[in-house]
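Chemist: Would you be able to build a 3D model of this:
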Amino acid sequence: MTEKYTFITGASSGIGKACAYMLAQKGHNLILIARRIELLEEIKSELLQENNIKILTFKLDVRNLAEVNSFFEKIQDLSIDILINNAGLALGKSSIEDYDWTDFETMIDTNVKAFTRIAQLTIPYIKKTQGHIVNISSIAGNEAYEGGSVYCATKSYVKMLSKSMRIDLAGTGVRVTDIAPGAVDTEFSLVRFKGDEKISNSVYDGYVPLYANDIAEAIIFALDRPKSVNIEYMLIMPTAQASATRVARK
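Modeler: Just a heads-up that it's a prediction; the model follows:
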């Protein structure tokens, strides 16, 4: 029997990393990609000490579509039954007219173009295995907020593309799940505010946010449903967060 792999983008930290650890414990072989290969290698080393699985790591900037195409040539002989399309980011938080245009471009290149290309190139693998695609969107794909303009638009795109993928793949046996987190305490805010730890930490002050493991557990739940069951969409919020902007802080 051909060995199957779970493919995780943005696997060096946060939700992607949490998924790698949980899926490794369940015996999944892994393909992990991220820009920070040194972190992937650390994850690989730790997981192989405790799990009898295979792990392939690749340094890849998903915004570079030529690199993405080349990566898929390298893995063309592998079998993939799960894609966790997780790589994404927010940069900045300003009124649209004041935004740094390069930040807009980076978000669009990552959250829209790379997300779409990764999905498009992985789908043929998933169709062969009648596997599962998990896309990570956001509460920001449901509700716009001040300073969120393009980020919110990109996550709304992920939501709509996920639904379109579900429709296109109906009848193939492929399942598609859109996971939409609220506030998750990962590197997300640190990246958004470009390393400013004071601002980043303040995002989670006064309440208990979600953590990467909370989202990974929800993903595992969707993956583990019977093949006849497709969890199509899941919005996951901290108890203290009632909307994109309404957070009950102590």
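Chemist: for the lengthiest helix in the chain, packing partners?
Modeler: Looking across the chain with DSSP state H, the single longest helix is helix 149-168. Helix 149-168 sits against helix 101-108, helix 115-129, strand 132-136, strand 175-181, with contacts defined as 3 or more Cβ pairs under 8 Å, 6 or more residues apart in numbering; DSSP states H and E. Yep, even glycine has a C-beta here, placed from its N, CA and C like the rest.
Chemist: Which one of these lies nearest to A153?
Modeler: The minimum distance between A153 and the helices and strands packed on helix 149-168 falls on helix 101-108, with 8.6 Å, by Cβ to Cβ.
Chemist: Pull out the buried residues from the closest one.
Modeler: D103, F104, T106, M107, I108 (16 or more other Cβ atoms under 10 Å).
Chemist: Check stretch 105-123 too.
Modeler: 106-119, 121-123.
Chemist: Name the nearest residue to G88, sequence neighbours excluded.
Modeler: Excluding the flanking residues, the one nearest G88 by Cβ to Cβ, 6 or more residues apart in numbering is N111, at 4.8 Å.
Chemist: how about that neighbour, phi and psi?
Modeler: phi -80, psi -20 (degrees, to the nearest 10).
Chemist: From N51, how far out is it?
Modeler: 31 Å (Cβ to Cβ, to the nearest Å).
Chemist: same deal with Y204?
Modeler: 31 Å.
Chemist: cool, L190 as well?
Modeler: In terms of Cβ to Cβ, L190 sits 29 Å off from N51.
Chemist: same check, this time on S243
Modeler: From S243 to N51 the distance is 39 Å (Cβ to Cβ).
Chemist: between the two, who's got more neighbours?
Modeler: N51 (18 against 12; other Cβ atoms under 10 Å).
Chemist: Now that one: closest residue in space, sequence neighbours ignored.
Modeler: A24 (4.5 Å).
Chemist: elements contacting the helix or strand hosting that neighbour?
Modeler: Secondary structure from DSSP states H and E places A24 in helix 14-25. With contacts defined as 3+ Cβ pairs under 8 Å, 6+ apart, the packing partners of helix 14-25 are strand 4-9, strand 29-34, helix 37-50, strand 79-85, helix 212-223.
Chemist: Strand partners (parallel or antiparallel) of the helix or strand just after the third one?
Modeler: Following helix 37-50 in sequence order, the next helix or strand is strand 55-59 (DSSP H and E). Sheet neighbours of strand 55-59, with direction, are listed as strand 29-34 (parallel) (DSSP bridges).
Chemist: now the angle from the partner strand to helix 37-50?
Modeler: Interaxial angle, strand 29-34 versus helix 37-50 (axes from the mean of the first three to the mean of the last three Cα atoms, to 10 degrees): 160 degrees.
Chemist: Geometric centre of this protein: which residue is closest?
Modeler: N86 (1.3 Å; Cα atoms, centre = their mean).
Chemist: hang on, that residue packs against I136?
Modeler: Yes - with contact defined as Cβ atoms under 8 Å, N86 and I136 form a contacting pair (4.7 Å).
Chemist: overlap in contacts of those two?
Modeler: Common neighbours of N86 and I136 (criterion: Cβ atoms under 8 Å, 6 or more residues apart in numbering): I15.
Chemist: Where does the prediction get shaky in the protein?
Modeler: 1 (pLDDT under 70).
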